[in-house]
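Visitor: Here is a sequence together with a model predicted from it:
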Amino acid sequence: MIPVLSVNKLSKSYVQHHGLFSKKAITAFAPVSFELEQGKTLAIVGESGSGKSSLAKALTGVITPSSGSICIDGVNMADKDHKQRCCQIRMIFQDPTTSLNPRSQIGRILKSPLLLNTELSEQEMDIRVSDALRQVGLLTEHAQFYPRMLSSGQKQRVALARALILKPKIIVADEVLATLDVSVRSQIINLILDVQREQNISFIMVAHNLGIVRHISDEIIVMHEGHIVEFGPTADVLDNPQHTITQRLLMNQQVQFRK
Amino acid sequence: MAILDIRNLTIELNTSQGRVKAVERVNLTLTEGEIQGLVGESGSGKSLVAKAILGIKKDGWVVRADRMRLGDIDLLTLTPSERRRLMANDIAMIFQEPSSHLDPTQEIAEQIEEAIPSNTFEGGFWQRFQWRKKRAVTLLHKVGIKDPISVLRSYPHELSEGVCQKIMIAMAIAKKPRLLIADEPTTAMESTTQIQILKLLHKLNKVNNTSILFISHDIESVSNLSDTLTVMYCGQTVESGTRDQVINHPRHPYTNALLKAVPDFESNLAHKSHLYALPGSIPPLQHLPIGCRLGPRCPNAQKTCVQKPHSTRVKGHMFNCHFPLSIEDETSS
């Protein structure tokens, strides 16, 4: 079986200039390789500055990688243009309040990826928009709302609908659960699990709450200073951590101040 | 003895839609030397309560209470200048996002030295020379900063979030307060620094016997640290009691939902199964439901829930619910 996503020696480094002549190369993440099967969830965990967000951005094409290749269904994405890539892999950003345009209605926000990437007619687009809204548990009438009229949980649902509307194979979610309230967070987790079961979408989740990661992910990547220190099935890695970084992350999750 | 005793605190806000009861009849009791956790999601009014205790009021706020005492002082009858003196000596507060609460144009040394009150000086006149500087170094030592001299010489933007929060805590404990209010001190921090800050607060509580009111949205981190817990929802207290009572035997459906919503390592939940979630979302201030404010989202709601429930008290465990969850229910489910 061909994995839906295979990443081969992907890396990103920046060049920082100091003064006129000296410059320094900074590695966001060193060459990483991994594969992801259809309908599975991959979690990326690590401390801040470990390069997990940069990796997520490089996968979706927000930043161009320095070297390496990303293949979706065996097709190298570097050969394709942005349009085709958008239809295959989509991203949800951390903060729903700032990732939605406050001046346009939800309907228009959801329609814009369709306008940019597909050749659908106006009616087909409307059907797609209302379908997507219903899928994430909102009403068709919400298309007329502005983002400020929705609660943060509903905004996150809209962000998920925007990712789903192009029927992608992979969705990259960068810390989407961090800013949500606890009771709303479990709703969104349930929604993500439902969507994955119905449409067989692969998810890549950047997260830091290991309890949630353990619950929703099949495989896990632990990153530290740009390197993958541990990679494997979630249950194996978290039950039996081999690397000190993973052990430290786990220890921080369950500190007891008193017995 | 109770260091903080609040009865029926009500805060009303004047908005363009009329007057809104943002906090309704909240009770809070903090005994000397304990850590109390105040848990609530966004919009539950937990920060408003903290501001009311400190006496930071904005125009258009109406704060009323039956009783509000700090130790043996009645906070309601104080004049503004007396209140301010009390705030300066006895209460300290640390905030969320520490780097935004430090002055970006000043060195840390200046800011800490400014926060050290002159009446905390001990010793003879010959020790006066540069005592603030020495005090600043010891304070930073106390909060666990390894290299105080270089930290004192830097600006806030050069330091990490965790170090900035430690500096805020150092400034707060400089006056040796009786009550420390921590308003979400660890949100937006990574777990390693979060644990450091929590450990530091725990140590302060044990060593100096400072009472701490720890405000947070995350019941997981609070329950670890605190002795007693108060849970708020939309401006009403739903449950309060000791840590064991609230965490292991919750009687209110909202507390139960908060606890069940977090998948932890011990739980034997099937992989990728549905988590327990309350339907709906937190109502905005303008559209608060009448009676029990959890009503429309509550799984056990019935007709009587449109009236505000009376608080029931069992062995110091207080809960406001018409149909509290019983222990029998818990063991069978």
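Guide: On my side now, so go ahead.

Visitor: can you pull out the helices in chain B?
Guide: Ranges of helices in chain B, per DSSP state H, are B:46-54, B:80-90, B:98-101, B:108-115, B:131-142, B:148-152, B:161-173, B:191-208, B:219-225, B:243-248, B:253-260, B:327-332.

Visitor: Report the secondary structure state of residue A:17.
Guide: The three-state label given to residue A:17 by DSSP: H, G, I helix; E, B strand; the rest coil is strand.

Visitor: thinking again about what came up before, relative to residue A:115, which of the helices of chain B is closest?
Guide: Closest of these to residue A:115 is helix B:98-101, at 38.4 Å (criterion: C-beta to C-beta). Every C-beta, even on glycine, is put in place using the N, C-alpha and C of the backbone.

Visitor: Whichever residue of the stretch 1-150 of chain B sits closest to chain A - nearest residue in space that isn't next to it in sequence?
Guide: Relative to chain A, the nearest point of the stretch 1-150 of chain B is residue B:41 (3.9 Å; C-beta to the nearest C-beta). Distances taken as C-beta to C-beta, 6 or more residues apart in numbering or on different chains place residue A:181 nearest to residue B:41, at 3.9 Å, with adjacent residues excluded.

Visitor: Let me see the contact set for the one you found.
Guide: A:152-153, B:41-42, B:217, B:282 (C-beta atoms under 8 Å, 6 or more residues apart in numbering or on different chains).

Visitor: List only buried entries from the residues you listed.
Guide: Burial by neighbour count, 16 or more other C-beta atoms under 10 Å in any protein chain shown: within the contacts of residue A:181 this picks out A:152-153, B:41, B:217, B:282.

Visitor: Farthest-apart pair in the residues you listed, please.
Guide: Between any two of these (C-beta to C-beta), the greatest distance is 13.7 Å, for A:153 and B:217.

Visitor: Check which helices and strands the host helix or strand of residue A:184 sits against.
Guide: Here residue A:184 sits within helix A:182-199, counting by DSSP states H and E. Secondary-structure packing of helix A:182-199 (3 or more C-beta pairs under 8 Å, 6 or more residues apart in numbering or on different chains; DSSP states H and E): helix A:152-164, helix A:210-216, helix B:253-260.

Visitor: other SSEs contacting the shortest one?
Guide: Right, helix A:210-216. Applying 3+ C-beta pairs under 8 Å, 6+ apart, one finds that helix A:210-216 contacts strand A:41-46, helix A:182-199, strand A:202-206, helix A:234-239, helix A:244-253.

Visitor: now the buried ones among the contacts of residue A:181 as a markdown table including pLDDT and distance to residue B:151?
Guide: Converted to a markdown table, the buried ones among the contacts of residue A:181 look like this (pLDDT from 0 to 100; distance: C-beta to C-beta, whole Å):
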| residue | pLDDT | distance to residue B:151 |
| --- | --- | --- |
| A:152 | 80 | 36 |
| A:153 | 81 | 40 |
| B:41 | 82 | 35 |
| B:217 | 83 | 29 |
| B:282 | 77 | 39 |
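
Visitor: As a markdown table, those residues with distance to residue B:66 would be great.
Guide: What follows is those, written out as a markdown table (distance: C-beta to C-beta, whole Å):
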| residue | distance to residue B:66 |
| --- | --- |
| A:152 | 34 |
| A:153 | 35 |
| B:41 | 26 |
| B:217 | 28 |
| B:282 | 27 |
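
Visitor: Let me see the contact set for the closest residue to residue B:323 other than its chain neighbours.
Guide: Nearest residue to residue B:323 in three dimensions, chain neighbours excluded: residue B:300, at 4.9 Å (C-beta to C-beta, 6+ apart). Counting by C-beta under 8 Å, 6+ apart, residue B:300 touches B:253, B:323, B:325.

Visitor: Residue B:192 versus the closest residue to chain B within the stretch 1-150 of chain A, what's the distance?
Guide: Residue nearest to chain B within the stretch 1-150 of chain A: residue A:48 (4.8 Å; C-beta to the nearest C-beta). Computed as C-beta to C-beta, to the nearest Å, the residue A:48 to residue B:192 distance reads 9 Å.

Visitor: Where does pLDDT dip in the stretch 51-200 of chain A?
Guide: Low-confidence segments of the stretch 51-200 of chain A (pLDDT under 70): none present.

Visitor: Please name the bridge partners of the residue nearest to the spatial centre of chain B.
Guide: With distances taken as C-alpha atoms, centre = their mean, residue B:215 lies nearest the centre of chain B, 2.1 Å away. Assessed by DSSP bridges, residue B:215 has beta-bridge partners residue B:38, residue B:183.

Visitor: what's it in contact with, if anything?
Guide: Residues in contact with residue B:215 (C-beta under 8 Å, 6+ apart) are B:37-38, B:46-47, B:50, B:181-184.

Visitor: before we move on, the earlier item: next, the angle from the helix holding residue A:184 to strand A:41-46.
Guide: 140 degrees (axes from the mean of the first three to the mean of the last three C-alpha atoms, to 10 degrees).

Visitor: Pull out the CA atoms of helix A:182-199 and give them to me as CSV.
Guide: Presented in CSV, the C-alpha positions along helix A:182-199 are these (Å, rounded to 0.1, in the frame of the first residue of the first chain):
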residue,chain,number,x,y,z
VAL,A,182,-12.0,22.6,27.9
SER,A,183,-15.7,21.9,27.3
VAL,A,184,-15.5,23.2,23.7
ARG,A,185,-12.2,21.4,23.1
SER,A,186,-13.7,18.0,23.5
GLN,A,187,-16.4,18.9,21.0
ILE,A,188,-13.8,19.8,18.4
ILE,A,189,-11.8,16.6,19.1
ASN,A,190,-15.0,14.6,18.6
LEU,A,191,-15.7,16.5,15.4
ILE,A,192,-12.2,15.8,14.1
LEU,A,193,-12.5,12.1,14.9
ASP,A,194,-15.9,12.0,13.1
VAL,A,195,-14.6,13.7,10.0
GLN,A,196,-11.6,11.4,9.9
ARG,A,197,-13.8,8.3,10.2
GLU,A,198,-16.3,9.4,7.5
GLN,A,199,-13.9,10.8,4.9
